[in-house]
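**Student:** I would like the atomic coordinates for the input below:
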Amino acid sequence: MTDLRTSPVNGGDLFSERARQYALEKPLQRIHVLEAGCGWGTGLDLGDRERDVTGVDLESPELRAYTCERPDLDAWHLGDLRTVPLPPRAFDIVHASYLIERAPHAELVLDRFVAALKPGGLLLVHLRDRDTAFGFLDRTLPRWLRSSGRRRLRPGRAPAADRPRRARGAHARVPYPAGEGGAAAAAAGQAPAGQATPAASRPVPVVRTSPPPAIYDRVASRSGLRWYCVMRGLVVAEEYTSRQALDALGAGTGLADLLCRLVSAVTRGRLTADHSEVTFVIRKPENRFARVI
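**Tutor:** Alright, predicted model coming up:
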């Protein structure tokens, strides 16, 4: 474990900067990115670097709607993250924002992401911390109360509809297979079962404004992710905390802040009210003697 920091930082800008730095280390290489959680957040800004972006996320109508809207994905798969197709050691960067806390069997899902990451690659994780006052309230309060007043945060980037659509690989232009099922799927803007949706065929639906519900497996916390990295031989290059979810609920001005401080006081600081999210920049070692998946 090296270079740990905890100063607040905008995770979206940080991740794009680290991704560009990684790309500079590979000047003649197309960068392969796994956008894990493609139905919720925004992608990485790699500038003019050639890249191939694959999205994965859980299956739900809202996540599918937002995924269909994104012009930056070359292919995507929604479903059980333990079984979606992820070739081993195929991606330079895995970007997982607001996914780990809402994924069932999160540790197994992380194992699949790490297995799909090339040695020396980056795992960029931003999640709501289970072991905070906010995390406690988020998993115990009624859903309607938790989502009240919360809005989508798109850190520092233009909406997908305002960004130019870049050139795509041939695999993204493959038409649907002939037949009644393929025609129906094409008319609906969806791929047949088990097939990624070509980007050119996607509709542009209405974007939702409330965040996906979180499950908060044990690994979905600052301490849980640190433990995971130690057990898997991964290197935590940078670590930050932030208050994005608290700020979205009007922290310091209303009931949310009061409840978080009350929970923190009752638990004697074990569940902190100082942050709601944690950001990790993690590197998979290149050393062949290191313990890696």
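**Student:** List the contacts of residue 90.
**Tutor:** Applying CB atoms under 8 Å, 6 or more residues apart in numbering, we find residue 90 in contact with 32, 116, 118. Every residue, glycine included, has its C-beta placed from N, CA and C.
**Student:** any idea which of those is the one closest to residue 270?
**Tutor:** For the contacts of residue 90, the closest approach to residue 270 (CB to CB) belongs to residue 116, at 34.7 Å.
**Student:** where's the closest residue to the closest one other than its chain neighbours relative to residue 123, distance?
**Tutor:** With CB to CB, 6 or more residues apart in numbering as the measure, residue 86 is the residue that lies nearest to residue 116, at 4.2 Å, once sequence neighbours are left out. Distance of residue 86 to residue 123, computed by CB to CB, to the nearest Å: 13 Å.
**Student:** Ok, residue 62 next?
**Tutor:** The spacing between residue 62 and residue 123, counted by CB to CB, is 26 Å.
**Student:** Over to residue 258?
**Tutor:** As it turns out, when the distance is counted by CB to CB, residue 258 lies 36 Å from residue 123.
**Student:** where does this protein dip in pLDDT?
**Tutor:** Flagging of the chain using pLDDT under 70 yields the residue ranges 1-12, 143-211, 249-254, 288-293.
**Student:** which residue ranges form the helices in it?
**Tutor:** For the chain, helices defined by DSSP state H occupy the ranges 11-24, 61-69, 106-116, 133-140, 143-146, 180-188, 222-232, 244-248, 255-266.
**Student:** Any chance of these in a markdown table with distance to residue 272 and mean neighbour count as columns?
**Tutor:** Supplementary listing: these in a markdown table, determined by distance: least, CB to CB, whole Å; neighbours: other CB atoms under 10 Å:
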| stretch | distance to residue 272 | mean neighbour count |
| --- | --- | --- |
| helix 11-24 | 18 | 19 |
| helix 61-69 | 30 | 18 |
| helix 106-116 | 21 | 20 |
| helix 133-140 | 6 | 22 |
| helix 143-146 | 18 | 12 |
| helix 180-188 | 46 | 13 |
| helix 222-232 | 9 | 17 |
| helix 244-248 | 11 | 19 |
| helix 255-266 | 6 | 17 |
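**Student:** Make CSV out of these and add distance to residue 39.
**Tutor:** Below are those laid out as CSV (distance: least, CB to CB, whole Å):
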stretch, distance to residue 39
helix 11-24, 16
helix 61-69, 3
helix 106-116, 14
helix 133-140, 19
helix 143-146, 18
helix 180-188, 17
helix 222-232, 21
helix 244-248, 18
helix 255-266, 25
